[in-house]
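J.: Predicted model follows, preceded by the sequence.
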There are 2 protein chains.
Amino acid sequence: MPNPAQNAGRTVTIHDVAAAAGVSIGTASKALNGVGRMREETRARVAAAAERLGFRPNTLAQALLGGRTYTVGLITCDSFGRFSIPVMLGAEDALGDGQISVFMCDTRDDPIRERHHVERLLARRVEGIIVTGRRTEPRPGIGRDLPVPVVYAMTQSLDESDLSLVPDDEGGGALATRHLLTTGRTRVGHVTGPEGFQAARARAAGMAAALGEAGLRPAGPVLHGEWSEEWGRQGADVLLRAAPDVDAIFCGSDQIARGVAETLRDRGRRVPDDVALVGFDNWEPMALGSRPALTTVDMNLGEVGRLAARHLLDGIAGRPVEHGVRTVPARLVVRESTRRGT
Amino acid sequence: MPNPAQNAGRTVTIHDVAAAAGVSIGTASKALNGVGRMREETRARVAAAAERLGFRPNTLAQALLGGRTYTVGLITCDSFGRFSIPVMLGAEDALGDGQISVFMCDTRDDPIRERHHVERLLARRVEGIIVTGRRTEPRPGIGRDLPVPVVYAMTQSLDESDLSLVPDDEGGGALATRHLLTTGRTRVGHVTGPEGFQAARARAAGMAAALGEAGLRPAGPVLHGEWSEEWGRQGADVLLRAAPDVDAIFCGSDQIARGVAETLRDRGRRVPDDVALVGFDNWEPMALGSRPALTTVDMNLGEVGRLAARHLLDGIAGRPVEHGVRTVPARLVVRESTRRGT
DNA sequence: CTGAAAGCGCTAACAG
DNA sequence: CTGTTAGCGCTTTCAG
């Protein structure tokens, strides 16, 4: 049986198929697309010829004619980093079934490169663009009045008329905090990332709100620093001095939580018996590698991506795209670091 | 000044530009492409019209006519994981400047999906395909006699006639080991990943070779286990029992190294004073978060990707693509965990 | 120096 | 039931 793919010579066109099947080019097209009515025998003969020659309809020609390319662009400013990848996966998920292919572009955080990529994508007649990013900090949009719909995911456009999908940091902070309260903790501290990050501020706000509902306040000051383990180690020390009776610490990231865990251990506090610990990100290598394994907030980034894709598809279908900033609920993943309340 | 992008209504074609500039369609084309000879004034008039209307040549039409699409496919089996991302970045790097766009496809490790993606890419007339993967284990190729060149990066095709680019695990192991010897260590142990992984075996072989050159043998048995911190913690205990006088440990991954470091600390061995430690991967969040920061082997994955892209471009240009498995040298990153030799 | 016409691979009307 | 034709947007001969 000849391999259908062995057309290394010249690409097989529908013209070849038609010739091989002894029909005209138009008939071949209809036969292959199951359109119109014709003798079953003819249809089969054409199909056989196509199969034998390894015919693959040229998507470009179809696109040119049909006015649709079934492609979208995915622009990331995250160097394909840790956050945008799950988003992309989710997006690919929602798009892939629709026979839509994805052009990937990385901007390296360079606006010139970005502009360049947008131009290229538009020249390729993508039907829509998803923009993802590293942080949730608002950023300038990729352009106004573009001829295709645009959705921002895991990043946020400064332009109010754009649609941006971001994780619910505030809700996540509240979720983590309420979980700690449920397990009987009442003196909850917070060590997190730079105050300049909206994500850090929102998570802290969520925590404060949840504590407030219970008539409580944070134990010690909210400690802002870098998104690093090293800061977690330092921050924990500061916190232990400021609020020695702390019985739970909510951390702005899993990395910070690991650092905190290390200092707690060095200072003879057992996790979770003396101090319960909650991280943020559900970055598994970190959260599972930590001892004990970290309870943490998962931002459902895949869902962010899926939603972004779905909104984009709506836009492509001609339905008006919503605008403003929309938030995707987070989810708590409970592990050892908060088991067995006091 | 009108925004060139405000063509939300209908896409601007060269026909529109020609009409606006008062020239024929062919003249407009030549003017825009700087081809042929014509009055400077005409050229300028066309350029101005194109600018004003926000004309973007339709890449599809150009591709159809020119027989080149300037696109390649990137297939990953790694769910955009930690390893294939740097590879992609490197590839995008080498391709992007050549005005080549990249279609991303994730297979989720499903051969059916993979087949599907390959078909789709070929239908879109990509000019080449790069396949990346999670492990360096050999895998079946994506198809024989495809009409476009294919390069495997960070994964390896079973088909000897394919070109596969993989990191030099053996060289990396030797590099790490020689560094330890240089800092005066002589009793070097090894804790690494599953024996089933070629990467683990190659790294161990590299270490054995380097020790052999110095007339030495590994301290204790080579310990195979999971690629996890937990295994690092356990493995270190086993090693300390089997070879209590060990003064250096080379680990198969940074995660394992972190686990090893933790156990060493628990057992009262100082790093690097009593025992020096080298990891593998240079996965920065892990390597830098560890205390002390880990000396580790960087596989130069970006280079792997860049090379893959370059070979692919060669293939696209019609030059014959080499075949077999080619190896990209690794690089040592020295940090605290090996400073100050005994 | 500029315009007209052919054609890339395909589909969708319309004739036969 | 099948073949012919026009045309998607563009480039490239070849005449004018």
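T.: Sure, I can see it.

J.: Do you know the pLDDT at the closest residue to A:Val222 other than its chain neighbours?
T.: In this structure, A:Val222 finds its nearest non-sequential neighbour in A:His190, 4.7 Å apart by Cβ to Cβ, 6 or more residues apart in numbering or on different chains. Where you see a C-beta, it was placed from the backbone N, CA and C, and this is true even at glycine. For A:His190, the pLDDT comes out at 98.

J.: Hmm, A:Asn300 is touching A:Val328, no?
T.: Yes: using Cβ atoms under 8 Å, A:Asn300 is in contact with A:Val328, at 5.6 Å.

J.: what sits in contact with each of these two?
T.: The contact sets of A:Asn300 and A:Val328 overlap at A:Pro167 (Cβ atoms under 8 Å, 6 or more residues apart in numbering or on different chains).

J.: quick one: the lowest-mean-pLDDT helix or strand in chain A to helix B:84-96, angle?
T.: The least trusted helix or strand in chain A, going by mean pLDDT, DSSP states H and E, turns out to be helix A:84-96, with a mean of 86. Helix A:84-96 and helix B:84-96 are oriented at 70 degrees to each other (axes from the mean of the first three to the mean of the last three Cα atoms, to 10 degrees).

J.: Provide the contact partners of helix A:84-96 at residue level.
T.: A:72, A:74, A:76-78, A:80, A:102, A:104, A:130, A:132-134, A:153-154, A:301-310, A:312-313, B:79-81, B:85, B:104-106.

J.: Separate out the buried members of those residues.
T.: A:72, A:74, A:76-78, A:80, A:102, A:104, A:130, A:132-134, A:153-154, A:301-310, A:312-313, B:79-80, B:85, B:104-106 (16 or more other Cβ atoms under 10 Å in any protein chain shown).

J.: Can you get me a residue count around the residue in the stretch 151-300 of chain A positioned nearest to DNA strand C?
T.: Closest residue of the stretch 151-300 of chain A to DNA strand C, Cβ to the nearest atom of the strand: A:Val151 (28.5 Å). By other Cβ atoms under 10 Å in any protein chain shown, 28 other residues sit near A:Val151.

J.: just the one 4 residues further on next, same as before
T.: Neighbourhood size, A:Thr155 [other Cβ under 10 Å]: 24.

J.: gap between the residue lying closest to it once chain neighbours are set aside and A:Gly302?
T.: What sits nearest to A:Thr155 in space, not counting adjacent residues and going by Cβ to Cβ, 6+ apart, is A:Gly133, at 2.9 Å. To A:Gly302, A:Gly133 is 16 Å away according to Cβ to Cβ, to the nearest Å.

J.: likewise A:Leu180?
T.: 26 Å.

J.: A:Glu229 against A:Gly259, yeah?
T.: Yes: judged on Cβ under 8 Å, A:Glu229 makes contact with A:Gly259 at a distance of 3.9 Å.

J.: who touches both of those two?
T.: B:Gly289.

J.: Residue nearest the middle of chain A, spatially speaking?
T.: The centroid of chain A falls nearest to A:Val87 when counting by Cα atoms, centre = their mean (1.5 Å).

J.: tell me which element the closest residue to that one other than its chain neighbours is part of?
T.: Leaving aside its chain neighbours, A:Val87 sits nearest to A:Gly305 (3.8 Å; criterion: Cβ to Cβ, 6+ apart). A:Gly305 belongs to helix A:301-316 when assigned by DSSP states H and E.

J.: what helices or strands is that helix leaning on?
T.: Helix A:301-316 sits against helix A:84-96, strand A:129-132, strand A:150-153, strand A:163-167, strand A:324-328, with contacts defined as 3 or more Cβ pairs under 8 Å, 6 or more residues apart in numbering or on different chains; DSSP states H and E.

J.: Please identify the residues of chain A in proximity to DNA strand C?
T.: A:11, A:13-15, A:25-26, A:29-30, A:32-33, A:35-36, A:55-58, A:61-62, A:64-66 (Cβ under 7 Å from any atom of the strand).

J.: From the residues you listed, list the ones also adjacent to DNA strand D.
T.: A:Ile25, A:Gly26, A:Lys30, A:Gly36, A:Ala61, A:Leu64, A:Leu65.

J.: can you count the residues close to the fifth one?
T.: Neighbouring residues of A:Ala61 were enumerated by other Cβ under 10 Å; the total is 16.

J.: Repeat that for the fourth one.
T.: Other residues near A:Gly36 number 11, with proximity taken as other Cβ under 10 Å.

J.: tell me which element the nearest residue to it once chain neighbours are set aside falls in.
T.: Spatial nearest neighbour of A:Gly36, excluding adjacent residues (Cβ to Cβ, 6+ apart): A:Lys30 at 4.4 Å. For A:Lys30, the host element (DSSP H and E) is helix A:25-33.

J.: quick one on the thing from earlier: and after the least confident helix or strand of chain A, which helix or strand comes next?
T.: strand A:101-106.

J.: That following strand - which strands sit beside it in the sheet, and in what orientation?
T.: strand A:71-76 (parallel), strand B:101-106 (antiparallel) (DSSP bridges).
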